[in-house]
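*Asks:* need a 3D model of the following:
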Amino acid sequence: MFRFLETIWRIALLRAGPQDLPGGGSAPTISIAMYTGIVVISGLADERATGISDLFVSIVVPLVAAGSILGLRRVTARFNQTIAALFGTGALISLVNLPLWFSAQTPLPAPLVMLALVALFWSLAVDGHVWRNALNCSFAGGLMVAVLILFLQMLVFQAMGNPGVS
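*Replies:* You can find the predicted model right below:
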């Protein structure tokens with residue numbers, strides 16, 4: 001488990017790629033469980049109930065997108081490692097954002113707003129890095145895929161009547 005978490009940390013620092021994770025079904029399961037736990041904790045911390053539909057969308061949209069994109073590129077064998085990297089690093093970066101959810105101040109103080117912006121850009125950079133490795137493309141191509149998936153998630157949330165992304 002320590003080796004798995006260390007690899008997730010190295011991916012988040014752009015020093016490893018999804019190919020460095022084990023290829024079986026346990027890595028994506030652990031990553032999705034970690035991500036789910038952090039999303040639920042953040043929902044409890046700001047005294048809002050994290051809706052099952054929000055959690056469902058934040059998991060299913062990336063899963064379907066990853067399956068589709070990797071299928072189009074004919075590299076479906078990379079699905080488990082890609083999902084493990086995306087959700088594992090997503091959990092780690094969401095953990096960094098926990099102070100936002102514990103803040104009762106409105107509007108948020110400037111340092112917390114900066115934290116949110118840094119986490120957003122860090123998340124996009126890491127996702128772009130993961131996609132670059134998964135698809136054997138440039139970082140710009142990987143970043144484009146990451147932004148496209150984020151945009152798709154936001155559209156689904158908007159269609160459901162939820163203004164924010166979990």
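
*Asks:* now the helices for the chain?
*Replies:* In the chain, the segments counted as helices under DSSP state H are 2-12, 26-45, 52-72, 79-96, 98-102, 110-135, 139-160.

*Asks:* quick one: the last one to helix 52-72, angle?
*Replies:* Meaning helix 139-160. Taking axes from the mean of the first three to the mean of the last three Cα atoms, to 10 degrees, helix 139-160 and helix 52-72 form an angle of 140 degrees between their directions.

*Asks:* buried residues of helix 139-160, list them for me.
*Replies:* For helix 139-160, a neighbour-count test (16 or more other Cβ atoms under 10 Å) marks 142-143, 145-146, 149-150, 153, 156-157 as buried. C-beta here means a position set from N, CA and C on the backbone, and glycine is covered the same way.

*Asks:* in CSV: the residues you listed, plus pLDDT and distance to Asp54.
*Replies:* Below are the buried residues of helix 139-160 laid out as CSV (pLDDT from 0 to 100; distance: Cβ to Cβ, whole Å):
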residue, pLDDT, distance to Asp54
Gly142, 97, 26
Leu143, 98, 25
Val145, 97, 23
Ala146, 97, 20
Ile149, 96, 16
Leu150, 95, 15
Gln153, 92, 10
Val156, 90, 10
Phe157, 84, 7
